[in-house]
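> how would this look folded up:
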Amino acid sequence: MKSLLDEDVKIQGHPSIKLNIQTEFERGTIHLCAIYECYENISDVDIKKGEIVEFTCPHCNKELLVKEECKLCDAPMVSLMLDTGGRVSLCSRSGCPNHYVAFQDLSIELRKFYEQYGD
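Residues are numbered from 1 along each chain as shown. I've put the predicted structure just below:
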């Protein structure tokens with residue numbers, strides 16, 4: 001599994017998450033802020049507010065949609081797997097703020113956090 005982090009494009013001083021996107025009329029790339037609760041992004045495609053965007057992996061072009069609908073607007077959710085064992089899900093509708101992090105085993109993630117950052 002290859003990383004989606006792009007060290008060359010930073011948002012708020014951190015590497016961004018690079019994805020391929022397709023709107024109704026255009027294909028391109030988007031760089032999402034990797035900080036939770038940050039909605040900043042940089043795209044080479046004009047995305048209309050409310051438009052549902054297709055997201056694909058920039059390495060293999062695999063679609064990133066999951067069989068889950070947004071609880072706020074009913075658009076498909078997009079899922080990004082985490083190296084640590086979990087996923088980040090976000091709504092595919094431009095302007096919808098719905099996103100969340102889910103861990104496979106929270107106790108393992110908490111232990112890793114405390115090992116890295118202390119008690």
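
> all strands of this protein, in order?
Using DSSP state E, the strands of the chain run over 5-11, 14-22, 27-32, 41-43, 54-56, 65-69, 76-82, 86-91, 99-103.

> what is the last one packed up against?
By that I understand strand 99-103. strand 86-91 (3 or more C-beta pairs under 8 Å, 6 or more residues apart in numbering; DSSP states H and E). C-beta coordinates here come from the backbone N, C-alpha and C atoms, glycine included.

> mind listing the strands the strand it packs on pairs with, and their directions?
Its sheet considered, strand 86-91 pairs with strand 76-82 (antiparallel), strand 99-103 (antiparallel) by DSSP bridges.

> circling back: any chance of the strands of the chain in a markdown table, plus mean neighbour count and mean pLDDT?
Shown next, in a markdown table, are these (neighbours: other C-beta atoms under 10 Å; pLDDT from 0 to 100):
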| stretch | mean neighbour count | mean pLDDT |
| --- | --- | --- |
| strand 5-11 | 14 | 96 |
| strand 14-22 | 19 | 96 |
| strand 27-32 | 18 | 97 |
| strand 41-43 | 16 | 96 |
| strand 54-56 | 18 | 96 |
| strand 65-69 | 12 | 86 |
| strand 76-82 | 18 | 90 |
| strand 86-91 | 18 | 89 |
| strand 99-103 | 13 | 83 |
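
> make a markdown table out of those and add distance to Glu115.
Formatted as a markdown table, the strands of the chain follow (distance: least, C-beta to C-beta, whole Å):
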| stretch | distance to Glu115 |
| --- | --- |
| strand 5-11 | 21 |
| strand 14-22 | 21 |
| strand 27-32 | 27 |
| strand 41-43 | 32 |
| strand 54-56 | 32 |
| strand 65-69 | 30 |
| strand 76-82 | 17 |
| strand 86-91 | 16 |
| strand 99-103 | 15 |
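
> so which of the ones you listed comes closest to Leu110?
strand 99-103 (8.9 Å; C-beta to C-beta).

> got a list of contacts for the closest one?
Strand 99-103 is contacted from outside by 36, 82, 84-91, 109, using C-beta atoms under 8 Å, 6 or more residues apart in numbering.

> how far off centre is that strand?
Relative to the centre of its chain, strand 99-103 is centred 10 Å away, using C-alpha atoms, centre = their mean, to the nearest Å.
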